[in-house]
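Enquirer: this one's structure only:
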């Protein structure tokens, strides 16, 4: 009886630990074909933000597919002082937009929040590397151009 109790408790512990480590994925509420362009922003200090506008369909598709496959976890992390933020605004053909913000917390790891998410999630994907992957003109971005989610996210820390 004692061994059976220990076995049952061990199984319950395994289920509990597994449930706490569930992964999320970004499920875009729009199709790839409805994306007009993607505005990509990068900054450490919002006053020094830069912007690229991604327009080539193969680049847009790569960004879209990468985000759909990125694994997100409900994991506590500490904000990193001086960490950079890379954000994406998907401008859609119906005139709306959808935002994804990646905030570094370590080398090749960060937190992601999107339009409609109740909280931000941890990912070990190096989303910040997207900035250097696309050869588009870099322009200065004003703070009022930055995704509205940035304010919400930063106020949580």
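Expert: In hand now; what should we look at? Computed from a predicted model, the values in this text were never measured in an experiment.

Enquirer: Please count neighbours and contacts with C-alpha atoms only from this point.
Expert: OK.

Enquirer: Residue 43: what's it in contact with?
Expert: Contacts for residue 43 were tallied using Cα atoms under 8 Å, 6 or more residues apart in numbering; they are 49-50, 84-86.

Enquirer: element containing the one residue sitting closest to the centre of the chain, please.
Expert: Within the chain, the residue whose C-alpha comes closest to the C-alpha centroid is residue 112; the distance, by Cα atoms, centre = their mean, is 2.9 Å. Using DSSP states H and E, residue 112 maps to strand 109-114.

Enquirer: And the strands in this protein, which stretches?
Expert: Using DSSP state E, the strands found in the chain span residues 23-24, 35-43, 50-54, 72-73, 85-92, 97-106, 109-114, 121-123, 139-140.

Enquirer: still on that earlier bit, beta-bridge partners for the residue nearest to the centre of the chain, please?
Expert: With DSSP bridges as the criterion, the beta-bridge partners of residue 112 are residue 102, residue 121.

Enquirer: Nearest approach to residue 146 belongs to which of the strands of the chain?
Expert: Comparing those against residue 146 with Cα to Cα, the closest turns out to be strand 35-43 (7.2 Å).

Enquirer: avg pLDDT for the closest one?
Expert: Along strand 35-43, the predicted confidence averages to a pLDDT of 97.

Enquirer: what pLDDT does the closest residue to residue 83 other than its chain neighbours get?
Expert: With Cα to Cα, 6 or more residues apart in numbering as the criterion, residue 83 has its nearest non-adjacent residue at 5.3 Å, and that residue is residue 104. In the prediction, the pLDDT value recorded for residue 104 is 86.

Enquirer: Next one: residue 104 relative to residue 34, how far apart?
Expert: Between residue 104 and residue 34 the distance is 29 Å, computed by Cα to Cα, to the nearest Å.

Enquirer: more crowded one of those two?
Expert: Neighbours per residue (other Cα atoms under 10 Å) separate residue 104 from residue 34, with residue 104 holding more: 26 against 13.
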